[in-house]
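Q: Need a 3D model of the sequence below.
(one chain, ligands or ions: 1)
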Amino acid sequence: MTLKPVRVRFAPSPTGYLHVGGARAMLFNYLYAKKQGGKLILRIEDTDQERSKPEYETMLIADVDSLGMKPDESPQIGGPFPPYRQSERLAIYGKYAKELLDRDMAYYCFCPDEILTQKRELAMKLGRPPVYDGTCSKIPVSESKGRWAKGERAGIRFRAFSKEYLLKDQVKGDVRFPPDVVGDFFITRTPRPNEKEIADGIGMPVYNFCCVIDDHEMGMTHVIRGDDHLSNTARQLQIYDAFKWELPVFAHTAMVLGSDRQKLSKRNGDSSVMEYLGNGYLPEALLNFLALLGWNPGSDIKPSSGHPEIFTMEEMISYFGMDGLHKAPAVFDVQKLLWMNGQYIRSMPLAEIAKRARPFFEKAGWSELMQTKGDAWFTGIVETIRGECGTLGDLPAAAALFKGAPSIEEAAKSMLVDPVNLAVCAALETEVAAFPEVISAEQVDLMQKAVGTKTGAKGKGLFMTIRAAVTGKTHGPELKKVIPLLGKKALLERMAAIKSQINA
Ligand code: GLU
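A: Numbers count the residues shown, from 1 in each chain. Here you go, the predicted structure:
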């Protein structure tokens with residue numbers, strides 16, 4: 001075990017939006033860093049110039065910001081080990097590639113791609129591991145350099161050690177990599193026509209090489225990442241070995257499956273963080289949900305929410321430990337996320353939810369009304385309906401009654417056409433006509449009682465009929481909250497609109 005101050009990293013490749021899997025990887029690192037009083041480093045792995053785009057980096061950083069997980073060091077923030085963008089560290093990789101060449105631990109490979117593909121396919125067909133056959137491994141470096149000087153381009157392969165590696169993984173336990181799983185692998189690519197050399201005779205470095213160099217140079221003590229990287233780890237262990245560098249502690253977390261237990265994809269829950277936030281999921285809820293995908297905080301915890309699965313960030317940090325990380329894959333249950341988000345919407349301070357809800361209402365065309373009616377009215381609406389909503393994006397539809405004439409639901413219609421309930425409707429109209437312009441919750445209570453006394457109606461026949469006549473629905477928030485927010489004028493308009501739809 002390492003006694004150095006903890007340094008962990010989130011190292012995304014800017015090749016697309018930040019997805020839930022990436023956010024979870026960052027979260028585990030964030031929680032571990034905070035728990036251990038360590039540092040979280042955000043490193044941009046952009047050596048694949050064809051797939052990496054600066055716009056993706058910008059979006060990625062924006063998503064990380066919206067999730068509220070602030071790294072301690074990053075390309076934007078800086079830190080003691082700059083640069084934090086791999087495309088700006090090429091000279092460092094060049095230096096180490098040269099060192100391996102000089103020590104004959106690496107060699108130039110001139111094999112054309114098509115031949116390599118053919119050989120790989122043949123090996124697979126024959127049931128052999130698709131490792132490189134070593135064609136170029138015997139070419140002396142002096143000869144390779146000469147060929148390079150004459151314009152022939154080549155990638156550099158690491159001369160893999162033929163020995164077993166034993167990884168003591170914090171999640172997986174002992175993972176053995178037998179000697180034949182890794183053949184000589186590329187550490188730099190054959191430069192493409194428009195690509196520059198990064199050092200004399202050395203092309204663009206590849207992920208497995210840069211990752212080890214950076215993790216070493218940046219002083220990483222732990223590498224927490226998905227177990228889809230285990231095959232990379234097999235190669236990375238060899239690089240550590242070649243340089244005789246101390247290994248970080250590895251923790252390979254189990255993968256996340258979609259709700260149908262298949263690989264996570266768009267169809268079964270995988271979306272970008274931006275999409276989830278844009279649809280009105282709260283960052284707090286998303287992080288809480290992601291933390292529980294593959295991590296169990298244990299049973300003796302007492303979150304302040306009173307619910308065993310709902311934690312504040314501070315609580316997650318205090319409960320977090322590698323021993324709670326699962327070996328088995330986790331299932332991304334979208335319904336659970338929706339439920340959890342609803343819990344957050346209900347329990348977050350009202351003013352905060354109202355503030356976050358505002359853009360969703362503005363988008364839904366509420367700006368003018370919000371302006372006219374004022375903040376207290378808007379906050380009152382959010383308070384009244386938030387219990388019904390799973391996402392902030394659901395709020396405007398749930399508040400539709402306050403904006404314009406409601407449409408009537410079938411169940412409400414059946415209630416209102418039922419002759420038994422006609423007397424209730426008539427009495428309701430009389431009571432409402434007597435309301436003052438500004439209606440209080442007590443007056444709503446009194447009104448319901450009066451309608452009951454006058455008609456003899458009780459329970460569902462009374463309350464649901466009144467609700468149907470006022471809102472066009474049989475279920476919804478308490479009328480003593482809804483009616484005062486509507487005010488007499490709007491209430492009369494809504495009731496008339498509903499009535500006209502029944503008679504239509
Ligand atoms: N750039 C790699 C990725 O995005 C990082 C893997 C790692 O954490 O080492 O998958």
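Q: Contact residues of the stretch 1-150 of the chain facing the ligand?
A: Residues of the stretch 1-150 of the chain lying close to the ligand (CB under 6 Å from any ligand atom) are Ala11, Pro12, Ser13, Glu45. The way it works is simple: take the backbone N, C-alpha and C, and place the C-beta from them, glycine included.
Q: which one among those gets closest to Lys34?
A: Ala11 (18.2 Å; CB to CB).
Q: From Val131, how far out is the closest one?
A: Relative to Val131, Ala11 is positioned 26 Å away (criterion: CB to CB, to the nearest Å).
Q: So for the two, which residue has more residues nearby?
A: Set side by side, Ala11 and Val131 show unequal neighbour counts under other CB atoms under 10 Å, the larger going to Ala11 at 24 against 16.
Q: can you pull the contacts of the closest residue to the more buried one other than its chain neighbours?
A: Computed as CB to CB, 6 or more residues apart in numbering, the closest residue to Ala11 that is not its neighbour in sequence is Arg43, at 4.5 Å. Contacts here follow CB atoms under 8 Å, 6 or more residues apart in numbering; on that basis Arg43 touches Arg9, Phe10, Ala11, Ser74, Tyr84, Arg85, Gln86, Asp214, Met218.
Q: Can you tell me which of those residues has the largest number of neighbours?
A: Neighbour counts for the contacts of Arg43 were taken using other CB under 10 Å; the highest belongs to Arg9, with 29 neighbours.
Q: Mean pLDDT per element in the chain, and the minimum belongs to which helix or strand?
A: Within the chain, judged by mean pLDDT, DSSP states H and E, the helix or strand with the poorest mean is helix 141-149; its value is a mean of 88.
Q: sec struct for whichever residue of the stretch 201-350 of the chain sits closest to the ligand, please.
A: Among all residues of the stretch 201-350 of the chain, Arg225 sits closest to the ligand, at 3.8 Å; criterion: CB to the nearest ligand atom. Assigned with DSSP: H, G, I helix; E, B strand; the rest coil, Arg225 falls in the strand class.
Q: In the stretch 51-200 of the chain, what residue lies closest to the ligand?
A: In the stretch 51-200 of the chain, the residue found nearest to the ligand is Gln86; the distance is 8.8 Å by CB to the nearest ligand atom.
Q: Would you mind measuring from that residue to Met204?
A: 10 Å.
Q: anything in contact with each of these two?
A: With contacts taken as CB under 8 Å, 6+ apart, the residues that reach both Gln86 and Met204 are Thr47.
Q: Show me what counts as buried in stretch 482-501.
A: The neighbour-count check on stretch 482-501 (16 or more other CB atoms under 10 Å) flags 482-488, 490-491, 494-495, 498, 501 as buried.
Q: And stretch 178-197, what's buried?
A: For stretch 178-197, burial by neighbour count (16+ other CB under 10 Å) applies to Val182, Gly183, Asp184, Phe185, Phe186, Ile187, Thr188, Arg189, Thr190, Pro191.
Q: Turn those into CSV, columns for pLDDT.
A: Written out in CSV, the entries for those read as follows (pLDDT from 0 to 100):
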residue, pLDDT
Val182, 92
Gly183, 93
Asp184, 97
Phe185, 97
Phe186, 97
Ile187, 98
Thr188, 97
Arg189, 93
Thr190, 90
Pro191, 86
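Q: ok, so of those residues, who is nearest Phe250?
A: Val182 (16.0 Å).
Q: wouldn't the closest one be in contact with Arg235 here?
A: Yes - counting by CB atoms under 8 Å, Val182 sits close enough to Arg235 to count as a contact (5.6 Å).
Q: so what's in contact with these two at the same time?
A: The contact lists of Val182 and Arg235 share Ala160, where a contact means CB under 8 Å, 6+ apart.
Q: so who does Leu287 touch?
A: Contacts were defined as CB under 8 Å, 6+ apart; by that measure Leu287 touches Ala23, Leu27, Leu67, Gly68, Met69, Met313, Met316.
Q: what's the neighbour count on Leu167?
A: Here the count is done by other CB under 10 Å, and Leu167 has 18 residues near it.
Q: Spell out the secondary structure type for Gly37.
A: Classification of Gly37 using three-state DSSP returns coil.
Q: Residue most distant from the centroid, the chain?
A: With distances taken as CA atoms, centre = their mean, the residue sitting farthest from the centre of the chain turns out to be Lys454, at 55.8 Å.
Q: and the helix or strand that one falls within, which residues are buried?
A: With secondary structure defined by DSSP states H and E, Lys454 is part of helix 441-455. Neighbour counts using 16+ other CB under 10 Å place Gln443, Val444, Met447, Gln448, Val451, Gly452, Thr455 of helix 441-455 among the buried residues.
Q: thinking again about what came up before, leaving out chain neighbours, which residue sits closest to the residue farthest from the centre of the chain?
A: Ala427 (4.6 Å).
Q: tell me the mean pLDDT for the helix or strand containing the one you found?
A: For Ala427, the enclosing helix or strand under DSSP H and E is helix 422-433. Summarised as a single mean, pLDDT over helix 422-433 is 96.
Q: which of the residues in it are buried?
A: Of the residues in helix 422-433, Ala423, Val424, Cys425, Ala427, Leu428, Glu429, Glu431, Val432 count as buried by neighbour count, 16+ other CB under 10 Å.
Q: Between which two of those residues is the distance greatest?
A: Checked with CB to CB, the buried residues of helix 422-433 reach their widest spread between Ala423 and Val432, with 14.9 Å between them.
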